[in-house]
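[1] Give me the fold of what follows.
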Amino acid sequence: MRAAKQLGYQPNAFARGLITRRTNLIAVVISNLTNLNYPEVLAELTQRLSAVGNRVLLFSLAAESDVNEVLDQIWPYRVDGAIVAARLTDDQIEQFNDRGVPIILYNRVGDMVPAASVCCDSASGERELVKHLLAARHRRFGIIAGPEDSYVGEERLASARRSLEQADITPLVHRGRFDYDSGKEGLRVLLDQAGGKLDAVICLNDVMAIGAIDCARTLFNLSIPNDLSIVGFDGVGPATWLGYRLTTIRQPVRRMTQAAVSMLLERVENPGMIPEQRLFGGELLTGQSARLG
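    Sure thing, here's the model as predicted:
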């Protein structure tokens, strides 16, 4: 071994993989990296996987519906497993199963075909936000939602709508893209539709909420939260900045990523484990962007 080092010999990881049948490669599939929650998730996953000798292959999607194209890119690498933060069809989950590649769905669940998953309880988080907004006597609501192909976005939208409808309130809804510009655009459209009369706007992620706050202040000269309450979801870093102090639900990213990595590595070592779903509650950050009761 000493002689090998002196000669500058470097072990070939792929050759070793032919013997061990392991590549130590983990595919991470993430949709919409402009959503600031995902860079934090990616950093945590990379750190945890690297700490135990794995390397991350990142596959980024512009939209969740693009996932099929990415799968064709994954298979040639013979990855040991995958963590997927994008919506998979039953057929796509079966493709992983047929190849013996364990997967963990991050903030998603399978439809009919079961798959191991780690999720934040988005429905509960939206219910909590709506409960506090209603308690503060807000009655005219708008929602800035995400794209229709987003599993997380649709879950949050359904929960917020259901909670408001139980209070006999039908909110105005505008579809965004989970980015800053669509938050600005969404607030402008909602206020135009409402004739300038809204009490609260529920943004289904923090980045859109930040865009909405900037639009409210600069375009409509509104005071937040005195004239309009705006809430988000995720608890990303900029949400705590002094200029925003966003009222939001913070996802427990460290605990969720730790669980995702642990569950995946267990399945790499023990193929055929029964799919398990772990659900994590979010934390309400009251901030200063909304009047709550």
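[2] hey, let's count contacts and neighbours off CA atoms from now on
    Will do.
[3] Whichever strand or helix holds I93: which residues count as buried?
    Taking DSSP states H and E as the criterion, I93 maps to helix 90-98. Going by neighbour count (16 or more other C-alpha atoms under 10 Å), the buried part of helix 90-98 is 92-94, 96.
[4] could the residues you listed go into a markdown table alongside distance to S60?
    Shown next, in a markdown table, are the buried residues of helix 90-98 (distance: C-alpha to C-alpha, whole Å):
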| residue | distance to S60 |
| --- | --- |
| Q92 | 17 |
| I93 | 18 |
| E94 | 21 |
| F96 | 18 |
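[5] would you turn those residues into a markdown table with distance to L157 and pLDDT?
    Listed next are the buried residues of helix 90-98 as a markdown table, based on distance: C-alpha to C-alpha, whole Å; pLDDT from 0 to 100:
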| residue | distance to L157 | pLDDT |
| --- | --- | --- |
| Q92 | 25 | 94 |
| I93 | 25 | 95 |
| E94 | 28 | 95 |
| F96 | 29 | 95 |
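[6] before we move on, back to that, immediately after the helix holding I93, which helix or strand?
    In N-to-C order, the element after helix 90-98 by DSSP H and E is strand 103-106.
[7] in its sheet, what does that following strand sit against?
    Using DSSP bridges, the strands paired with strand 103-106 in its sheet are strand 81-85 (parallel), strand 117-120 (parallel).
[8] what is the orientation angle of the longest one with helix 90-98?
    In this case it means strand 81-85. With axes from the mean of the first three to the mean of the last three C-alpha atoms, to 10 degrees as the basis, strand 81-85 and helix 90-98 are set at 160 degrees to each other.
[9] Might you calculate how far the helix holding I93 sits from the centre of the chain?
    22 Å (C-alpha atoms, centre = their mean, to the nearest Å).
[10] what's in contact with that helix?
    68, 102-103, 110-113, 115 (C-alpha atoms under 8 Å, 6 or more residues apart in numbering).
[11] Out of the residues you listed, which end up buried?
    When the contacts of helix 90-98 are checked for burial by 16+ other C-alpha under 10 Å, the buried set is 102-103, 110, 115.
[12] longest helix of the chain?
    helix 253-269 (DSSP state H).
[13] for the record, mean pLDDT for that helix?
    The average pLDDT within helix 253-269 is 97.
[14] Helices of the stretch 101-250 of the chain, residue ranges please.
    122-135, 151-165, 180-193, 206-218 (DSSP state H, counting those that start in this stretch).
[15] could you give the angle of the last one to helix 180-193?
    With the same axes, to 10 degrees as the criterion, the two stretches helix 206-218 and helix 180-193 enclose an angle of 50 degrees.
[16] which residues of the stretch 151-293 of the chain score low on pLDDT?
    Applying pLDDT under 70 to the stretch 151-293 of the chain picks out no residues at all.
[17] can we see that at 90?
    271-272 (pLDDT under 90).
[18] and the protein, what are its domains?
    1-120+252-282, 122-250 (the TED database).
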